[in-house]
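Asker: pasting a predicted model and its sequence here:
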Amino acid sequence: MNGETAKNINKRHLESEYMLSIWNKCEDAREGQTAIHEAGRTYLPELSGQSNSEYQAYKRRAVFYGAMSRTVDAFAGMIMRVPPSVDNPSPYLDDVTGHGCSLTEFAGEVLEEVLVTGFGGILVEHSPMAQAVTLAQAQALGARPYLALFDADSVINWRKDGKRITQLILEEDEYIAKSEFEGEEQCFYRVLDLDDMGNYRQRKFIEKDKYFVQVGDDIYPLMNGANLKEIPFYFLGDADELPLLIDLVDLNISHYMTTADLENGCHYTGIPQPWLAGVQLPDGVTLSVGGVSAWVFPDPQAKAQYLEFSGQGLGSLERRLELKEKQMASLGAKMLSDSVTAETATGASLRSTGEFSVLAQLSDRVGKVLSRACSFMHQWAGLPEVAIKLNTDYLPAKMTPQELQALVGAWQAGGISSMTLFNNLQQGELIAAEVTFEDEQANILEQAPVLVAPVANAVK
């Protein structure tokens, strides 16, 4: 109840505590150079004997190659280039968060979290106005169920009874207004559990003087006036599994350290450094370098030259950078082709299109989690369950002119139906995925009649 105190609410699950630094590393690599630089010595230890100012200059010269960011964007783009397929669609899927985020946009956010950390989860929530009203009354008030994504860092602790979640602690931030123009973010912890009666309960705690104080009363979400008997939270993966791209991240950071050494070496060896021999300068006399200055020494044996860098040191660093860039590219490509099944003639063909790739497995897993979360959201809204499938065909399957000509020829000869022709054209991405056969037929009827060209001239 309001004012209740507790300890250790922010104590992380052992698996989360162990993985936190790994998740943070992956997230920093995803964010790019600014986050990597801000982490300082975490990813770039100082050289022996460097002062702090020397280290800061050393770090500023280092360049972080955005391989992780580009890989995440590319993989998410491959999956999301085709919108998710959905059975039993509803208006709720046009705005799954209650803030204008469509299922497609939300799926993209979920995919990014899975690609970066491999953990986190989706909570199905309901507007507070629905706590003690019927479904019809809730809908009349504009109250509705929605989805909320929690990243790996925000899932603090959990308990399970088999596969059933019995307690879950989530970390959240909320904006607290201090005046008309000022405010601050305040961290709080949401404790979700099943009480002694097995009913789903929510409590909110804030930290105060080394204790955690409950704010507000216990909340018991209802569905059609009845208590829920489960916590509608769906994990995106297992906390003890390493992120899918961890090898790429480690190599990306190793590449960053190599660029620091290379840039540092280029800085010091690239700046002209004069040297003198046989010259004794009077006290207080300095020499200037430049086109308007001349050095004149009375001793004819005096020498003045510039140091020139020689050796293979910088060249070896450049070769290491090239090697690491090739290794990072190889790691990304490997995800598209690694199969978990034995290689057969059929399997090899499917492999080439990514059907059994590691990325396809990830896509399938995310689709199943979204299906469960959206099905619960639909159930809360009095709608049927939903099945969601994300794209697993990552390479555009556009038809060649020869394939198109053969297909049109078979249709003209009566060998295939108009529906088969349409399906093949859609699979070949010559017709947009969202266009139905009926839509296409209506569009054909609306346009002026055209003569069918001979098959040989149908495609140039």
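Answerer: Done, it's in.

Asker: residues near L317, how many?
Answerer: Using other Cβ atoms under 10 Å, the number of residues around L317 comes to 19. (Glycine included, C-beta is placed from N, CA and C.)

Asker: swap in the one 5 residues further on?
Answerer: A count of neighbours around E322, defined by other Cβ under 10 Å, yields 10.

Asker: repeat for G198
Answerer: Per other Cβ under 10 Å, the neighbour tally for G198 reads 11.

Asker: double-check that it belongs to a helix.
Answerer: No. Per DSSP: H, G, I helix; E, B strand; the rest coil, G198 lies outside any helix segment and is coil.

Asker: let me know the helix or strand that the residue sitting nearest the centre point of the chain is in.
Answerer: Taking Cα atoms, centre = their mean, the centroid of the chain lies closest to E112, which sits 2.1 Å from it. E112 belongs to helix 103-116 when assigned by DSSP states H and E.

Asker: restricting to C-alpha, output that helix in CSV.
Answerer: Output of helix 103-116 as CSV, limited to C-alpha atoms (Å, rounded to 0.1, in the frame of the first residue of the first chain):
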residue,chain,number,x,y,z
LEU,A,103,3.0,-2.8,-35.5
THR,A,104,5.6,-2.4,-38.3
GLU,A,105,7.4,0.4,-36.5
PHE,A,106,7.2,-1.4,-33.1
ALA,A,107,8.5,-4.6,-34.7
GLY,A,108,11.5,-2.6,-36.0
GLU,A,109,12.2,-1.4,-32.4
VAL,A,110,11.9,-4.9,-31.0
LEU,A,111,14.2,-6.2,-33.7
GLU,A,112,16.9,-3.6,-32.9
GLU,A,113,16.8,-4.6,-29.2
VAL,A,114,17.1,-8.3,-30.0
LEU,A,115,20.0,-7.6,-32.5
VAL,A,116,21.9,-5.4,-30.0
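
Asker: ok, then the element right after that helix?
Answerer: strand 121-126.

Asker: what sits up against that following strand?
Answerer: Outside strand 121-126, the residues that touch it by Cβ atoms under 8 Å, 6 or more residues apart in numbering are 110, 138, 143-150, 155, 170, 192, 221, 232-236, 369-370, 373, 376-377, 380.

Asker: kindly recompute the last result at 7 Å.
Answerer: Residues outside strand 121-126 that contact it (Cβ atoms under 7 Å, 6 or more residues apart in numbering) are 143, 145-150, 155, 221, 232-236, 369, 373, 376-377, 380.

Asker: same question for stretch 89-99.
Answerer: Counting by Cβ under 7 Å, 6+ apart, 86, 101-103, 106, 144, 146-147, 374, 377-378, 381, 383 sit against stretch 89-99.

Asker: by contact count, what packs against the longest strand anywhere in the chain?
Answerer: Ranked by number of residues, the top strand in the chain under DSSP state E is strand 164-177. Strand 164-177 is packed against strand 155-161, strand 183-194, with contacts defined by 3 or more Cβ pairs under 7 Å, 6 or more residues apart in numbering; DSSP states H and E.
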